[in-house]
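*Asks:* What would the 3D arrangement of this be:
(chains A and B)
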Amino acid sequence: MHNFKLIAVLGFLFLTNTIFGQSKFTLSGYIKDKSTGETLIGANITNLENQEQGATTNSYGFYSMTLPSGKYKIGFSYLGYELQVFEIVLDKNISYNIQLSEGVVMDEVIISAERDERRKNVEGTQMGTIELPVENIKKLPAIFGEVDIIKALQLLPGVMSSGEGNAGFYVRGGGPDQNLVLLDEAVVYNASHLLGFFSVFNADALKNTTLIKGSMPANFGGRLSSVLDIQMKEGNNKEFSAEGGIGVISSRLTLQGPVVIGKSSFIVSGRRTYILDLIQPALKGGNFEGTNYYFYDLNTKWNYTFSDKNRLYFSGYFGNDVFRFRQPNRDFRFDLPYGNKTATLRWNHLFSEKTFMNVSAIYNDYRFQFNGGQDDFVFKLFSGVKDWNLKVDFESYQSTKHTLKYGVNYTYHTLTPNTASASNGEVEFQTTFKPKYANETAFYFLDDMKINDKWAINTGLRLSIFQQVGPYKSKITGEDFGTWETAKTYTGWEPRVAINYKASDNFSIKSGVTVTSQYLHLVSNSSSTLPADIWVASSEIVKPQRGVQYALGFFKNLDNDNYEASFEVYYKDLRNQIDYADNYVNDISKEVEESFVFGEGRAYGAEFFLKKSKGKLNGWIGYTLSRSERSFKDIEGGRWYPAVYDRPHDLSIVVNYKPLKKWDFGAVFIYGTGKLFTPVRGFFFVEQNINLFYGPRNSSRLVDYHRLDISATYTPKPDSKKKYSGSWTFSVYNTYNRKNPFFVNFDTNTDFQTGVSTITGTQITIFPMIPSVTYNFKWNQK
Amino acid sequence: MKNFHLALWAILSIAFWSSCEQSYTPDTFETQQEIVVEGYIEAGPGANPTYVILTKSIPFLSTIDPNKFSELFVKDAKVTVNDGLNTVELIEFCLDEVPDDLKDEVYAVLGLNPDSAAVNICVYADILGQIKKESGRKYDLNVTVDGKVLTASTTIPKYVELYDFKWAEPPGKPSDTLAELNVKINDPLGVKNYYRYFTATTSDPQLIPPFGSVTDDAIFNGQTFEFPLQRAQRRGGGFNPDAFGLYKRGDSVFVKWCGIDKAHFDFWNTRDFAANSGGPFASYTRISTNINGGLGIWGGYAVNTYRLYCPPK
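*Replies:* Numbers count the residues shown, from 1 in each chain, chains lettered A, B, ... in the order given. Sure, this is the predicted structure:
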């Protein structure tokens, strides 16, 4: 019944939009890049005579600003682009599409636009939200020269890497499964390649990256810790262009261009690694002939603008890791393919100048497979997640001070646990695990309002409903549930509040409370996440994870907005956290949830951030002081212990320096407290064999982690007007060759001749100093 | 799972041949030693006498040789077993006190390899056979040493027979010298059963458990189930994948099949898993114990020993 009421309220709000604002008029439209026609996300529209009146473009580049009738001087700006100013007589609703050029000529104008951008630090109710334009990420040094947005995010306060060189990340003391990773609105369940060393996001195909780690607005949900919202480029709708790069381990190529000039465009972007392809001749005739590993990503997008009111987008991502192991002399072989596929079809529709609607139909599929064997023996393992998702989102721009968003999101999940099958000639064996099915539905409503010059408030409510549905046979009662029949229902009321008090023009205090629910879980028994880890849905056995985050932040701009500074504190209360008991035994005859234990968690911390975005020398310093702890009744009797995500100190310093037009320099320094692990206390003998026993969970740390990376980009002809341009990027990862531990392994050795037994610990470092060079090229593209 | 982790590690090693290792020594580590109980009580044909071995654990970063090993035995403890009717005190003796002509038998009972036993092992045993040993009974162990008390309880479950032993061609490549042993079990419905087994052959005459030595009835509960019973191999005894789990034709074969309870199963299940996993992606596995105040196992076995002959082809 609640659901119907909510729909009725949403419907009412939708109707009221068209009734309001009779004496006011609306200026609306799209803001695009002049040279490519690519829409610009987060561009600013400001009444230059009253800077309190403004709007921002949404993730489709659409803006809407409602003002009393009159004459206005409106500025359109975007970071790195020239400001454009128009005198507009607003005596009726006006649709106005703007094209901005990347600014190179009028420095003052650019400064003004950038200044608008930097104002966001103290304006708005959002806290703990970071937008990272992909172009900025490309300037940072990267391991093997592979530009990686997730590794760039790990340099921000509150975001930590899940391990050396790893693209997994922990946000504010939460687990890696608590991050909602969206690529053009499709959930990406495994966002990394090569066991986490590279993220699946090819920077050339991406337009914008937003990480929300603090107050998650009500239009997002389903995860406790953060949202990483990534938009792909739409493609140049004016002319064909290409760009790419040739690197040490992989190469990339992106093609884009118009299908119908000004109306429709496409982009195709691919990346593939080849380092092991190169050594294939050396393997020929040897023991490992045919062994290979590579990964690839393919991003595609197509869009069509029917009119200012209707646009259609279709985007797809296909990525795979392919590992093939061959040992021909023993007829031993296995293949380990895994990867994501996503497809998103979106329709943007303007009901009016003030009401924007987006309908998305999304499909995504993550699968992990292991196929191996020897002689006649064949073993196969399969697990995965498949979603069908339909979303309808409305954005209603009531006035420059008031925006409403509401919508509904439905997902049908299919989760396949580890399905194993084996055969030896005619003898076959198969686990009887059936896929699990679930409906996840969410309704949300949010209201972003500037009350006056000092106060702004963003309130929202999300109602999430999760149903485990059949076919399913209850493990508790033995009851059989048919297809679509509900076996278990969970409901989550998730209120969200964020408040901004603007104490002065350049100082504000923001605070927020966020309640979240999470119905899909990834529980790992290893020190980092693996592609083999299984996503598990909430069910009659597994309860949803619930979280509440309280956050308070102080935001100040200094030196005429040249410096942005912030200090944020947070406390998180986490319920129904999931782990394996410490006597867990991996048994393929059991479903993983049978081995789960349930407990609670808490995380708290303080984050300091100082950023300089202007000038030849720019960059940021981020420092986090935090703790993250867990308590499980079935682990050491409920003792509170530090979670594997607990790293009290985390410091990142990022510097970009451009002394000359031809040269761009970058440096990154990282320092973090060492990773936790459970130490071996000693060993004992039973049946004359050595056995290890351990101290309390996570009671030891590896040594502290630190490293310095540097890069230099050389552009031989920065002012060239030719269609083709190229640049060289040289980078050195771990410049001073710090031996950062990746893990510590304990081993026992017994010499059966002498009867001498020893136990040894070995610390393994995987990345020493690694130099790399990448050549990047562009054709017909800035 | 070990193979899977190794495979992952292989990917990494191939991709990043630059990795480097150095020995790891923690800044601080505990030197306090725990008391380790290894005690068994068996009922059924071929059951061994009840005994308990008490040792001390060895702190991290120690090396242990046979001399030091002899010093690990905990002596002068008071060890009693209550079978529900009587409390029996076990009698302590060390192998150097045993007459030479009885030594081999004692070795066999304790599951020791006589060749490598340069160690003077000490045990607490029910030498007079006073404990009533039968299926369905619960046994409480009480150990008092240096003022410290350790307790544990175990049960001997109902025995479930193996039958229909058959010798078959090994899977994959045909062989003239090796055979697979197939057996049947009729697992009782409605109760959770746990099993452990040992094998011995003419070539390797000591009864030893296989690497994965226990199983529950999760996949064959209540069924008549036929399965290959793999020959156990000694740890560290070299690994030949072609002969793994197979029996040599012409050998006599002993199979000791045991029913155990849940806590006893958990001990071996976690022990076997911990021994077989490791590497960069593995987490630690804490070996379950049913000893209050110490480490190890006090385990009941319902046993039967089958004597077989693997005929030449």
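
*Asks:* how deep is residue B:201 tucked in, by neighbour count?
*Replies:* As a burial measure, residue B:201 scores 20 neighbours (other C-beta atoms under 10 Å in any protein chain shown). Bear in mind the C-beta positions are built from the backbone N, C-alpha and C, glycine included.

*Asks:* Closest approach to chain A from the stretch 1-150 of chain B, which residue is it?
*Replies:* residue B:24 (3.6 Å; C-beta to the nearest C-beta).

*Asks:* Can you list the neighbours in contact with stretch A:470-485?
*Replies:* With C-beta atoms under 8 Å, 6 or more residues apart in numbering or on different chains as the test, stretch A:470-485 has contacts from A:434, A:436-437, A:469, A:486-487, A:540-541.

*Asks:* hmm, try it at 6 Å
*Replies:* Stretch A:470-485 is touched from outside by A:469, A:487, A:540, with contacts defined as C-beta atoms under 6 Å, 6 or more residues apart in numbering or on different chains.

*Asks:* Looking at these, which are in strands?
*Replies:* By the criterion of DSSP state E, membership of those in strands covers A:469, A:487.

*Asks:* can you tell me which of the contacts of stretch A:470-485 lies nearest to chain B?
*Replies:* residue A:540 (19.4 Å).

*Asks:* Burial check on that closest one, number of neighbours?
*Replies:* By other C-beta under 10 Å, 15 other residues sit near residue A:540.

*Asks:* contacting residues for it?
*Replies:* Residues in contact with residue A:540 (C-beta under 6 Å, 6+ apart) are A:476, A:488.

*Asks:* okay, it: pLDDT?
*Replies:* pLDDT for residue A:540: 90.

*Asks:* ditto for residue A:110
*Replies:* So, for residue A:110, pLDDT stands at 44.

*Asks:* what does the one 10 residues further on give?
*Replies:* Per-residue pLDDT puts residue A:120 at 71.

*Asks:* tally of neighbours for it?
*Replies:* As a measure of burial, residue A:120 has 18 neighbours, counting by other C-beta under 10 Å.

*Asks:* Which residue ranges of the stretch 201-350 of chain A form strands?
*Replies:* A:206-212, A:226-232, A:241-246, A:250-260, A:264-273, A:292-307, A:310-327, A:332-350 (DSSP state E, counting those that start in this stretch).

*Asks:* Dump those strands into JSON lines; add distance to residue B:224, mean neighbour count and mean pLDDT as well.
*Replies:* Formatted as JSON lines, these follow (distance: least, C-beta to C-beta, whole Å; neighbours: other C-beta atoms under 10 Å in any protein chain shown; pLDDT from 0 to 100):
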{"stretch": "strand A:206-212", "distance to residue B:224": "58", "mean neighbour count": "21", "mean pLDDT": "89"}
{"stretch": "strand A:226-232", "distance to residue B:224": "53", "mean neighbour count": "23", "mean pLDDT": "93"}
{"stretch": "strand A:241-246", "distance to residue B:224": "63", "mean neighbour count": "19", "mean pLDDT": "93"}
{"stretch": "strand A:250-260", "distance to residue B:224": "55", "mean neighbour count": "18", "mean pLDDT": "94"}
{"stretch": "strand A:264-273", "distance to residue B:224": "52", "mean neighbour count": "22", "mean pLDDT": "94"}
{"stretch": "strand A:292-307", "distance to residue B:224": "45", "mean neighbour count": "19", "mean pLDDT": "93"}
{"stretch": "strand A:310-327", "distance to residue B:224": "38", "mean neighbour count": "19", "mean pLDDT": "91"}
{"stretch": "strand A:332-350", "distance to residue B:224": "33", "mean neighbour count": "19", "mean pLDDT": "91"}
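
*Asks:* Can you add distance to residue A:571 and give these back as a markdown table?
*Replies:* Shown next, in a markdown table, are those (distance: least, C-beta to C-beta, whole Å):
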| stretch | distance to residue A:571 |
| --- | --- |
| strand A:206-212 | 18 |
| strand A:226-232 | 16 |
| strand A:241-246 | 43 |
| strand A:250-260 | 41 |
| strand A:264-273 | 40 |
| strand A:292-307 | 38 |
| strand A:310-327 | 36 |
| strand A:332-350 | 34 |
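
*Asks:* re the thing from before, isn't the residue of the stretch 1-150 of chain B closest to chain A right up against residue A:744?
*Replies:* Yes. The criterion here is C-beta atoms under 6 Å, and residue B:24 meets it with residue A:744 at 4.9 Å.
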